[in-house]
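no sequence on this one, just coordinates:
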């Protein structure tokens, strides 16, 4: 089967998460993952050392998810890229499903979303990820894409600090067919627990709306930092 997968994980101070993520990927893959690339944006903890110990390919990059994911792509040897957050876990056999989707003529795709906290608001939010609208696609659902398609689309926009995941979907839709899995990526609700689910969802919704209304990245980032403690 063609469609070997390079998993790309952007990190910043994820010492506690990266070990669990690496081990879960090894447990859940079907043998089609060529490499796990950890792209560090300048961690001050032992994230890099832990990833190296586990056998990940390490790439150093300037801080910022868009820049980090682009840097990981340049180092990737697989012909399918799979972008995954450090605190998100894909379903069993994710690599087999991704490869089969690419072989079936799809150019890019993602999974639905589920949180690891059974909260009514988060369950309601996750429910919407079953729909195929571009506006409902976010990075915590993970993204897979053929490497050539990704390059043709131009990669992630490094001018974007937030909403880079939404923006690239718009360009990818012009490059080929979109695959939406019926299965879910399970992502950590740690930030919702820390800030409060209602407050954080209001903040995220305001950023989402501000982006589509034309607010600048500077204003969106300032708003987030003002509302959410570092």
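Happy to help now that I have it. Keep in mind the model is a prediction, meaning the values are calculated, not measured. Residues are numbered from 1 along each chain as shown.

from here on, contacts and neighbour counts on C-alpha atoms
Fine.

Kindly list the longest helix within the protein.
helix 197-212 (DSSP state H).

The helix or strand following it - contacts with which helices or strands?
On the C-terminal side of helix 197-212, the nearest following helix or strand under DSSP states H and E is helix 217-227. The contact analysis (3 or more Cα pairs under 8 Å, 6 or more residues apart in numbering; DSSP states H and E) places helix 217-227 against helix 197-212.

next one: the helix it packs on to chain centre, how far?
With Cα atoms, centre = their mean, to the nearest Å as the basis, the distance from the averaged C-alpha position of helix 197-212 to the chain average is 18 Å.

mind listing what's buried in that helix?
Residues 197, 200, 201, 203, 207, 208, 211 are the ones in helix 197-212 that count as buried (16 or more other Cα atoms under 10 Å).

Need the max-distance pair from those.
Using Cα to Cα, the two most remote members of those are 197 and 211, lying 21.0 Å apart.

sorry, back to before: distance to residue 48 and pLDDT for the buried residues of helix 197-212 - can I get that in a markdown table?
Converted to a markdown table, the buried residues of helix 197-212 look like this (distance: Cα to Cα, whole Å; pLDDT from 0 to 100):
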| residue | distance to residue 48 | pLDDT |
| --- | --- | --- |
| 197 | 31 | 96 |
| 200 | 29 | 96 |
| 201 | 31 | 94 |
| 203 | 31 | 97 |
| 207 | 31 | 97 |
| 208 | 32 | 96 |
| 211 | 33 | 96 |
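
could I get those residues as TSV with distance to residue 81?
Listed next are those as TSV, based on distance: Cα to Cα, whole Å:
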residue	distance to residue 81
197	31
200	30
201	29
203	30
207	27
208	26
211	26
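
ok, those vs residue 188, which is closest?
Of all the buried residues of helix 197-212, residue 188 sits closest to residue 197, with 12.5 Å by Cα to Cα.

Quick check: that closest one touching residue 124?
No: the criterion here is Cα atoms under 8 Å, and residue 197 misses it with residue 124 at 11.7 Å.

Would you mind splitting the protein into its domains for me?
5-188, 192-230 (automatic domain parsing).

contacts for stretch 32-45?
3-15, 22, 48, 51, 56-64, 68-69, 71-72, 76-78, 95-96, 99 (Cα atoms under 8 Å, 6 or more residues apart in numbering).

try 6 Å
For stretch 32-45, contacts defined as Cα atoms under 6 Å, 6 or more residues apart in numbering pick out 4-13, 56-63, 68, 72, 95.
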